[in-house]
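Novice: need coordinates for the following:
(2 chains)
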Amino acid sequence: AQSVTQLDSQVPVFEEAPVELRCNYSSSVSVYLFWYVQYPNQGLQLLLKYLSGSTLVKGINGFEAEFNKSQTSFHLRKPSVHISDTAEYFCAVSDPGNKLVFGAGTILRVKS
Amino acid sequence: DTEVTQTPKHLVMGMTNKKSLKCEQHMGHRAMYWYKQKAKKPPELMFVYSYEKLSINESVPSRFSPECPNSSLLNLHLHALQPEDSALYLCASSQGGTGGYIQYFGAGTRLSVL
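Specialist: Alright, predicted model coming up:
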């Protein structure tokens, strides 16, 4: 069975600083990995996905993530954050049946 | 257009009421999903419809009854709910029911059961 561990429940960071949100996964089958963002009182928006191919994946809003099979990780990074990036971020893994399993989430708090 | 529309946005109901949540997409997607999200928790899968047939039921209590009238619509019928069922209910859709397809989410219905 698939599972996802997000290692940090909250990450505080100052505006314009770099940030990394950590995600480790466990899967016994082909891996499809996703990062979603959820702003307060809203649904989930896809930031980026890894299905196959290049291990460095670029997404929306300047985010990128690197798939590392040996370390079973899919960490999310942004070189310079903005106040508007304050939100909750979910890492998720999908099995071949498209069942999506989410990590517990990481709240990113950007401070001015 | 990657929009999934959910109505209503907010719903308050008593434990003896019957109500329905609605979800609509016009992207030609053939898989649709219901998730439940409690406060400060990740979404949890409830049901999956693939090509208008129920393919996954994650052991959800029978007071939740899904329905897929056609490929664009997904309903969740609610009856005799408990206060612990109060949550954000999210609908999603994807191109197909196999792995690797992006799931697009609606804004959710925030349900309060009194």
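
Novice: ok, A:Lys78 to B:Met46 distance?
Specialist: With distances taken as Cβ to Cβ, to the nearest Å, A:Lys78 is found 32 Å from B:Met46. Where C-beta positions appear, they are placed from N, C-alpha and C, glycine not excepted.

Novice: can you list the residues of chain A near chain B?
Specialist: A:30, A:32, A:34, A:36, A:41-46, A:49, A:51, A:90, A:94-105 (Cβ under 8 Å from any Cβ of the partner chain).

Novice: nearest spatial neighbour of the spatially most central residue of chain A, skipping sequence neighbours?
Specialist: Nearest to the mean C-alpha position of chain A, by Cα atoms, centre = their mean, lies A:Trp35 at 3.6 Å. Computed as Cβ to Cβ, 6 or more residues apart in numbering or on different chains, the closest residue to A:Trp35 that is not its neighbour in sequence is A:Leu47, at 4.4 Å.

Novice: low pLDDT regions in the chain?
Specialist: Chain wasn't specified; assuming chain A. In the predicted model of chain A, no residue satisfies pLDDT under 70.

Novice: meant chain B actually
Specialist: Short version for chain B, where the test is pLDDT under 70: B:1-2, B:97-98.

Novice: who's A:Val110 bridged to?
Specialist: A:Val13 (DSSP bridges).

Novice: which residues does it contact?
Specialist: Applying Cβ atoms under 8 Å, 6 or more residues apart in numbering or on different chains to A:Val110 gives the contacts A:Val13, A:Phe14, A:Glu15, A:Val81, A:His82, A:Ile83, A:Ser84, A:Asp85, A:Thr86.

Novice: for it, give its distance to chain B.
Specialist: Distance, A:Val110 to chain B, by Cβ to the nearest Cβ, to the nearest Å: 19 Å.

Novice: B:Gln25: how many residues sit nearby?
Specialist: 23 (other Cβ atoms under 10 Å in any protein chain shown).

Novice: surely it touches B:Ser72?
Specialist: Yes: at 6.0 Å, B:Gln25 counts as touching B:Ser72 under the criterion of Cβ atoms under 8 Å.
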